[in-house]
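Asker: Would you be able to build a 3D model of this:
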Amino acid sequence: MATVVKEDTWTARRVNRTAVITMVVMVFAWSVDYIDRFSMGMALPMIGAEFDLSKTEQGWLVTVFALVYMVCQIPAGFLADRYGSRGPMLVTLLLWSAFTAMTGMAGTFGALLVIRGLFGVCQGLFPAASFKAIAERTTPANRATVTGVMLSAGGIGAGLAPLIVGPLLMAVGWRHTFFWMAGVGALIGVVVWAILPKALPESLSSLPRDEVRTPEVSRKQVLKSPVIWKFTLLFCVTNMLNYGMITWVPSYLLEARGLSLSQTGVLAAIPMLVSIGTTILGGWLFDRYFHDRGRWYLGPIALVTAVLLTLMVTADSTAEFTLYETLALAVFGMATMAVFGLPLKVLPTAVTGIGMGVMNFGGQVAGAVAPVAMGWLADAFSYAAAFGFLIGTTLIAAAMAFWVPQTPAQFTFSPASPSKGVS
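Answerer: This is a model prediction of the structure:
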């Protein structure tokens, strides 16, 4: 378990410093994660040309990773709650660097599929451990803000990846590009392990027991909770947009708009970089104003996003497409903590790992479905049909915003079995 110190040594200044250091460390770690994910999307045209793959087969290179990654989420939550966050994060960062290097060594499409699947195993342990790290080192009052900053790394990684990976792909090819990324990932893993602060006492990191209906919650209760599974389904629907855009916008710009790889990298980076600020803003807004009324936050944001995606699909020029794509991802970025904010606030620190593991399982269902579904739609119909899929899932998210609980009092669990505590 994570090391803790006596509560009376934790001044407000030390608590805040712990949160800030943790936030910075997590941003670096998640940035490496997303750079790798976006890099596969950037490399898909080259890989597809070398192995003579259809778009559906190219989509499977993303989906096989996502399927295995998805299956690992709930076991990863148990491991994070059992062993804390520091050890699992070091192991996963080092292992995913190894499999990134192996991606560049693959000689056949089948080998690539196997490697990406194994990559999903090791990387699948990371999200639950990282959410656990945040829960152990923040208070409920500022957790959404800190988590929002951590998740903004999705925009950092996806925004920097085209600017870094595009030139690398052109200069050294897709294989050597993955070698370079592997080295950076290993370095970040060592840094995360070395400087991650000690955990707060649980009395500081969890809500007072009189603010929630069930004072003690076991991991089995979390796993069986209908409330947790509602948020899991919500994350699945909202995460379709991220996976769909990351996977298919680079190919669309290359093939449908006739851009060069370097031009594609720049244009694909713009929306992701803009979403950094809005994701951070969304966490602050949720903590400050919407922590008890997330439906009135997520619902309108999703509707506006659907309108912007419609304008993107019907855009006449590349500049217009990029403008509406940027606006859509920027607006939807603010909604991230409407999905995670309440669960992270209510779940006791001792079971945060399994709770976030279950929720991230839903997010990775989106990662398994969106790339292949959109690849099939692009093959069978057009890119417009593929992006239309994302408009539909965003509208579903707007409706689901009014289905999930809104306050800690509504976030209930079934009673624990007699004589059993946290298990």
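Asker: Could you count how many residues lie near Ile276?
Answerer: 23 (other Cβ atoms under 10 Å). C-beta: built from backbone N, CA, C; applies to glycine.
Asker: Same question for Leu395.
Answerer: 16.
Asker: repeat for Val24
Answerer: 13.
Asker: ok but it is inside a strand, no?
Answerer: No. Counting by DSSP: H, G, I helix; E, B strand; the rest coil, Val24 is not part of a strand but helix.
Asker: Who are the packing partners of the longest helix anywhere in the chain?
Answerer: Counting residues, the longest helix found in the chain (DSSP state H) is helix 153-195. With contacts taken as 3 or more Cβ pairs under 8 Å, 6 or more residues apart in numbering; DSSP states H and E, helix 153-195 sits against helix 12-51, helix 86-103, helix 226-255, helix 261-285.
Asker: now it and helix 261-285, what's the angle there?
Answerer: 70 degrees (axes from the mean of the first three to the mean of the last three Cα atoms, to 10 degrees).
Asker: Sketch out the low-pLDDT regions of the stretch 1-150 of the chain for me.
Answerer: By pLDDT under 70, the low-scoring segments of the stretch 1-150 of the chain are 1-8, 37.
Asker: one more time with 50, if that's ok
Answerer: When residues are selected by pLDDT under 50, those of the stretch 1-150 of the chain lie in 1-5.
Asker: Quick one: the strands in the stretch 251-400 of the chain, in order.
Answerer: Shown for the stretch 251-400 of the chain, no strands are assigned by DSSP state E, counting those that start in this stretch.
Asker: Just the helices from it, written as ranges.
Answerer: Ranges of helices in the stretch 251-400 of the chain, per DSSP state H, counting those that start in this stretch, are 261-285, 295-313, 318-333, 336-346, 352-380, 383-400.
Asker: Return the mean pLDDT over the longest one, rounded to an integer.
Answerer: Right, the one you point to is helix 352-380. Across helix 352-380, the average pLDDT comes to 85.
Asker: likewise the last one?
Answerer: When pLDDT is averaged over helix 383-400, the result is 92.
Asker: Return the angle between stretch directions for it and helix 336-346.
Answerer: 40 degrees.
Asker: what comes up buried for stretch 136-151?
Answerer: The neighbour-count check on stretch 136-151 (16 or more other Cβ atoms under 10 Å) flags 136-140, 142-151 as buried.
Asker: do stretch 361-381 as well
Answerer: 361-379.
Asker: of the buried residues of stretch 136-151, closest to Val32?
Answerer: Distance ranking of the buried residues of stretch 136-151 against Val32, using Cβ to Cβ, places Met150 first at 12.8 Å.
Asker: can I assume the closest one sits in a helix?
Answerer: Yes. Under three-state DSSP, Met150 falls within a helix.
Asker: For it, give me its contacts.
Answerer: If you count contacts by Cβ atoms under 8 Å, 6 or more residues apart in numbering, Met150 has them with 23, 26-27, 30, 130, 134.
Asker: Leaving out the residues flanking it, which one is nearest to it?
Answerer: Leaving aside its sequence neighbours, Met150 sits nearest to Met26 (Cβ to Cβ, 6 or more residues apart in numbering; 4.2 Å).
Asker: List the residues that contact that neighbour.
Answerer: Each residue near Met26 by Cβ under 8 Å, 6+ apart is listed here: 130, 133-134, 149-150, 153.
Asker: Then Thr264?
Answerer: 42, 162, 166, 250, 253-254.
Asker: can you do 6 Å?
Answerer: Contact analysis of Thr264 by Cβ atoms under 6 Å, 6 or more residues apart in numbering lists 250, 253-254.
Asker: who wins for proximity to Val227 among the helices of the stretch 251-400 of the chain?
Answerer: Across these, Val227 has its closest neighbour in helix 336-346 (8.3 Å, Cβ to Cβ).
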